[in-house]
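> sharing a model prediction with you, sequence too.
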Amino acid sequence: MSPAGPAVVPTLEVESALAAACGPGERIVVGIDEVGRGALAGPVTLGACAVRAVDGEIAPLPAGVRDSKRLSARRREALVEPIRESALAVATGWASAAEIDEAGIMTALTRAALRALDALELPDGARIDAILLDGDADVLTPALASRGGHVPRVALQVSADRDCASVAAASVVAKVARDAHMVALDEELPAYGWAGNKGYGSAAHREAIDALGASDHHRRSWRLGSSPAPTGAPAPAPVRASTRIQAPVRQAPLTGVLWDDPDPGTGVEERE
């Protein structure tokens, strides 16, 4: 998370520069951001926000767009429709907990990003000229190149979710979508408090895993509980949707960064 201080208002300056670097005329730039990378349960979700530049000029996104972690849940939800109306296109891509276990978090992030890009409903004949990623690791270009055909320019910028409006908008769309998904899962399995912790590693969530075991929605390859199981002790059976034990929900502040979380098993929920 960015240090405390005056709120930064994201702009479209980086997107405009990217469009200009691709040549004159009409260009499409897509900002991408993720949500759920450090969670213990649930999918990872990638948001994509496409903007159209005409000779470097881009129509503004809603004035209230910020990095999703700096907005309340109510404000994020109120921004989704204005973002959809202002952007050229928005979409989300998903990779499940089982997919994260099978392929690893980096591969899952890449797959979800590709799915978000594929889901963008662009005008007929239009193609993406540039993609703006938050972070410092390009996990996308090799995957795009392996598909053949046109490969958009991929640009990296640390704190792009804070500074770049298209990426901030993508973060809002992804956060609202994933939060709604975790609330729906909580209705099936209330024991883990997902409506509150959104699958992140709050103390109450880890204690529920200690008591009940991992569910089908947990990332089983990660460290999940609060402490190692005693030697020789049987592991609790996976919890199914019929379990109705309600664990208390406690929140903790976020400490992760996009594409580069050194210990994904200790991620906690973003602040509300």
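Received, thanks. Residues are numbered from 1 along each chain as shown.
> what sits against residue 169?
The contact partners of residue 169, taken as CB atoms under 8 Å, 6 or more residues apart in numbering, are 31, 47, 49, 61-62, 65, 79, 83, 87, 90. In short, each C-beta sits where N, CA and C put it, glycine included.
> give me the phi and psi for it.
phi -60, psi -40 (degrees, to the nearest 10).
> buried set for stretch 112-120?
Within stretch 112-120, the residues scored as buried using 16 or more other CB atoms under 10 Å are 112-117, 120.
> helices - which of those land there?
112-117 (DSSP state H).
> nearest to residue 138, of the residues you listed?
residue 113 (11.0 Å; CB to CB).
> OK, contacts around that closest one?
Applying CB under 8 Å, 6+ apart, we find residue 113 in contact with 32, 34, 46, 48, 93, 139-140, 143.
> out of these, who has the most neighbours?
Counting neighbours by other CB atoms under 10 Å, the top entry in the contacts of residue 113 is residue 46, with 34 neighbours.
> quick check: bridge partners of residue 164?
Each beta-bridge partner of residue 164 is listed here, defined by DSSP bridges: residue 11.
> could you measure from it over to residue 12?
Plainly put, residue 164 is 7 Å away from residue 12 if you go by CB to CB, to the nearest Å.
> quick one, helices of the stretch 51-200 of the chain?
Using DSSP state H, counting those that start in this stretch, the helices assigned to the stretch 51-200 of the chain run over residues 73-86, 97-103, 105-119, 141-146, 160-163, 165-188, 194-197.
> mind putting the ones you listed in CSV, distance to residue 204 and mean pLDDT included?
CSV is the format used below for the helices of the stretch 51-200 of the chain (distance: least, CB to CB, whole Å; pLDDT from 0 to 100):
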stretch, distance to residue 204, mean pLDDT
helix 73-86, 19, 98
helix 97-103, 19, 97
helix 105-119, 24, 97
helix 141-146, 37, 96
helix 160-163, 27, 96
helix 165-188, 13, 98
helix 194-197, 7, 97
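> indicate which one of those is closest to residue 128.
Smallest distance to residue 128 across these (CB to CB): 6.9 Å, for helix 105-119.
> among residue 164 and residue 12, which residue is more densely surrounded?
Using other CB under 10 Å, the more surrounded residue of residue 164 and residue 12 is residue 164, with 28 against 22.
> residue 11 is in contact with that one, correct?
Yes: using CB atoms under 8 Å, residue 164 is in contact with residue 11, at 7.3 Å.
> picking that back up, max pairwise distance over the buried residues of stretch 112-120: which two?
Greatest spacing in the buried residues of stretch 112-120, by CB to CB: 112 and 120 (13.5 Å).
> so where's the stretch 151-272 of the chain uncertain?
Within the stretch 151-272 of the chain, the stretches with pLDDT under 70 are 227-272.
> actually, the stretch 1-150 of the chain.
Applying pLDDT under 70 to the stretch 1-150 of the chain flags residues 1-6.
> just the strands from it, written as ranges.
In the stretch 1-150 of the chain, the segments counted as strands under DSSP state E, counting those that start in this stretch are 26-35, 44-54, 57-58, 89-95, 130-134.
> quickly note the distance from residue 163 to residue 192.
From residue 163 to residue 192 the distance is 34 Å (CB to CB).
> now swap in residue 111 and tell me
From residue 111 to residue 192 the distance is 25 Å (CB to CB).
> between these two, which is the more surrounded one?
A direct count of neighbours by other CB under 10 Å for residue 111 and residue 192 places residue 192 higher, at 33 against 20.
> before we move on, back to that, just give me the closest of the contacts of residue 169 to residue 180.
The closest of these, once distances to residue 180 are taken by CB to CB, is residue 47, at 13.1 Å.
> who's the closest one bridged to?
When assigned by DSSP bridges, residue 47 has beta-bridge partners residue 33, residue 92.
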